[in-house]
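>>> Okay, sequence plus prediction incoming.
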Amino acid sequence: MKENETNWSQIPQKGPVGRTVWQAGIFAAYFTQFIKMRLAYRMDFFVDTLAVSFSMVIQLAVLSTLFSKVKALDGWSFEQVLFIYAFSLLPLGLFNLVSVNLYRFSDQYIIQGKFDRVLLRPVGTLAQVIFESFNVSGLNEILLGIVVMTYAGMKLGLDFGVQELLALAILAPSASLVYMGVFLTITSVSFWHEDRMGLAPPVYNIIRFSRYPITIYSLPVRIFLTFVLPFAWVAFFPATWFLGSEEFGRLALLTPLVGLVVFGGSLLIWQRGVRNYASTGS
Amino acid sequence: MSEFPGKQVNTAILEPWHRTATASVGLYFHFIRLAFLKFLAYRLRYYTGVVSYTVFVSGHYYLYTALFASRVADAQGATIGGLSLSEVITYVAVSWIGRSFYFNNIARDLMRMITEGEIAMQLIKPFHVQTVMMFEAVGESGFRLIMFTLPIMVVIVPLFHIGGPPDSILYLWTFISFCLALVIYSQINFLLGCLAFNMKNIQGVLRAKMVSMDFLTGVVVPFTFFPEWFQRVVEWLPFQGISYIPVTIYLGKRPGDELYAALLLQVAWAVGLFVAGRLVWRISVRHVVVQGG
């Protein structure tokens, strides 16, 4: 680790590229620090891995039990639903990895006033808040998602070439941008409205149902999941591209655009919020 | 609320060895009342919970509707595990309505108490932590019944056209059964919280509990959907007494003496787990080391 030799206090004046590299270096150091901290409690990580795998086994048991009653659910086979479910774990894992502080934001940063400290530093506010804490179990979700996706993909006889891997590398992160955008918007509300309860839990609970084929829902729910709370874009639309669905596969290609729009919009709200921020003075 | 701080407390009644049964009842009733008032102060938190519960029931409503439609399309009959579609939807709705009532976080509270050392203060008080926590759970559920369960019912029952039980006396039995569920649930939570005496961090255990509880109690999927061997296993576990028994009582699936047998089974688990909690507590407390503070 060479981080001790770097002089972080020196802000480079090399233009936007130099600045970005410099910022990325800082956040890499944040992550290293966090991992060091976590490694002090190795047992926790182990138990957490067990808990995540356990919950996954239960959800798979439920899914296979339900499918044992029918040949296909609304025309979707068990392996197809399994594939969509497994795909959904990749963006969710990526998002969970960096989203811990969004849930705590209202409480710790606004009410307890930690945000004052964030504002004093010459780096982006959002990046600081996000990278100050990580949820390592996100890595578990990504790993398990890949395992189950490979299994379902093999059962379905999908061939995964360079094109598919490339699509995965683009679709999964763009889908997690949708999550990020939705929850960042909810978090930003606390700049105007201080309350600890928040809208995050009910919205988070909707994620559970965005993994099923959207065709099982009534039209108003489908419209809601596509345009209002765009969770159809985090699992169903992108995953169907790999399944070769004519109807929804084309929509999958819009996922990066949706991700950028939702996340970009939430960024604007966040920045307005930062300008609106008045410290509690504590 | 105002008369309590100023009131003269007769300290003699607080000593367990001098306390009459009536005084004990009065003492523990205070804990019910205090828990009720404590949660009343945080009632705003529960508004978004109503949305969450509606989301859960809606999600399952669509899932089961699609499942039954696909089954009919396959010409495989209109029931699964002995339940028709409308029964399954009633099952899901009553399960979540019940969950909004008996749910509590005793395990997490006890873990905090132990890891933060507050347990030392609890141990010098003249009443048993387990009993106090159980009565606090009763107070919390009393609060939940009025401020959480009722609003959820007002939303869910008309939205999904949830019908009543076949016999209206079953309303009463279902409620009694959910009250017993509350005792079983809080005692399982208490036992899990006791693990914190031996393990430094039980966050992982609590996470595993969160996901497995809804499954093992039958909230997510009715047991009769599962293979025979699974149904045999859960019959021997206390978890069915938390949701599966009260909900099947509501659906009228326990005719005649089966109803009383199911309720007695719940009572037996409630008592058994309470005694187990007492024993585990007695053994665990010997190991407590609290850093001075």
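It's in. Numbers count the residues shown, from 1 in each chain, chains lettered A, B, ... in the order given.

>>> Okay, the closest residue to chain B within chain A and residue B:37: tell me how far apart.
Nearest residue of chain A to chain B, counting by C-beta to the nearest C-beta: residue A:47, 3.0 Å away. C-beta here means a position set from N, CA and C on the backbone, and glycine is covered the same way. As judged by C-beta to C-beta, to the nearest Å, residue A:47 and residue B:37 stand 36 Å apart.

>>> Same question for residue B:247.
31 Å.

>>> Comparing these two, which residue is more hemmed in?
More neighbours surround residue B:247 than the other of residue B:247 and residue B:37, with 27 against 13 (other C-beta atoms under 10 Å in any protein chain shown).

>>> Can you name the residues that contact the more buried one?
B:91, B:94, B:95, B:98, B:174, B:218 (C-beta atoms under 8 Å, 6 or more residues apart in numbering or on different chains).

>>> what does residue A:171 give?
Counted by C-beta under 8 Å, 6+ apart, residue A:171 has contacts A:238, A:241, A:252, A:255, A:256.

>>> I'd assumed residue A:90 was in contact with the first one.
No - checked against C-beta atoms under 8 Å, the pair residue A:238 and residue A:90 is beyond contact range at 9.4 Å.

>>> which one of these two has more residues nearby?
Comparing residue A:238 with residue A:90 by other C-beta under 10 Å, the one with more neighbours is residue A:238, at 33 against 26.

>>> nearest spatial neighbour of residue 95, skipping sequence neighbours?
Unless you meant another one, I'm taking chain A. residue A:179 (4.0 Å; C-beta to C-beta, 6 or more residues apart in numbering or on different chains).

>>> The chain in question should be chain B.
Among residues not flanking residue B:95 along the chain, residue B:219 sits closest, at 4.5 Å (C-beta to C-beta, 6+ apart).

>>> for chain B, which spans come out with low pLDDT?
B:1-18, B:289-293 (pLDDT under 70).

>>> how much space is there between the residue nearest the centre of it and chain A?
Central residue of chain B (C-alpha atoms, centre = their mean): residue B:102, 3.2 Å from the mean position. Using C-beta to the nearest C-beta, to the nearest Å, residue B:102 is found at 19 Å from chain A.

>>> and chain B, which residues reach chain A?
B:44-45, B:47-49, B:51-52, B:55-56, B:58-59, B:62-63, B:65-67, B:69-71, B:74, B:76, B:80, B:201, B:203-205, B:207-208, B:211-212, B:215, B:220-221, B:225-226 (C-beta under 8 Å from any C-beta of the partner chain).

>>> So which of the residues you listed are in strands?
residue B:80 (DSSP state E).

>>> my read: the residue nearest to residue A:95 touches residue A:93, true?
No - the pair residue A:179 and residue A:93 fails to qualify as a contact (C-beta under 8 Å) at a distance of 10.4 Å.

>>> Neighbour count: those two, which is higher?
residue A:179 (26 against 23).

>>> Tell me the pLDDT of the more buried one.
pLDDT recorded at residue A:179 is 94.

>>> Please apply the same query to the one 3 residues further on.
Here the pLDDT value assigned to residue A:182 is 93.

>>> Quick one: distance of the helix or strand harbouring it to the chain centre.
Per DSSP states H and E: residue A:182 is located in helix A:162-188. Relative to its parent chain, helix A:162-188 has a centroid offset of 7 Å by C-alpha atoms, centre = their mean, to the nearest Å.

>>> Now do the next helix or strand along the chain from that helix, average pLDDT.
For helix A:162-188, the succeeding helix or strand toward the C-terminus, using DSSP H and E, is helix A:200-207. Here helix A:200-207 scores 86 as its mean pLDDT.

>>> And helix A:200-207, what does it pack against?
Counting contacts by 3 or more C-beta pairs under 8 Å, 6 or more residues apart in numbering or on different chains; DSSP states H and E, helix A:200-207 packs against helix A:78-104, helix A:162-188, helix B:46-73.

>>> chain center to it, what's the gap?
For helix A:200-207, the distance to the chain centre is 13 Å (C-alpha atoms, centre = their mean).

>>> now swap in stretch A:33-48 and tell me
21 Å.

>>> Tell me the residues on chain A that lie near chain B, please.
A:41, A:43-44, A:47-48, A:50-52, A:54-55, A:58, A:61-62, A:65-66, A:69-75, A:195-199, A:201-202, A:205-206, A:208-209, A:212, A:216-218, A:221.

>>> Do I have it right that residue A:242 meets residue A:157?
No - contact criterion C-beta under 8 Å: residue A:242 and residue A:157 do not qualify, at 12.0 Å.

>>> More neighbours: which of those two?
Comparing residue A:242 with residue A:157 by other C-beta under 10 Å, the one with more neighbours is residue A:242, at 23 against 7.

>>> quick one, what contacts that one?
Taking C-beta under 8 Å, 6+ apart, one finds A:83, A:87, A:153, A:158, A:164, A:167, A:168 in contact with residue A:242.

>>> how many other residues sit next to the second one?
Pointing back at residue A:87 there. 30.

>>> For the closest residue to residue A:69 other than its chain neighbours, list each beta-bridge partner.
Spatial nearest neighbour of residue A:69, chain neighbours left out: residue B:80 (5.1 Å); criterion: C-beta to C-beta, 6+ apart. Counting by DSSP bridges, residue B:80 is bridged to residue B:83.

>>> Residue B:80: neighbouring residues, count only.
Residue B:80, neighbours per other C-beta under 10 Å, totals 23.

>>> Flag every buried residue along the helix or strand encompassing residue A:261.
According to DSSP H and E, residue A:261 maps onto helix A:255-276. Across helix A:255-276, burial judged by 16 or more other C-beta atoms under 10 Å in any protein chain shown covers A:255, A:256, A:258, A:259, A:262, A:263, A:266, A:267, A:269, A:270, A:273.
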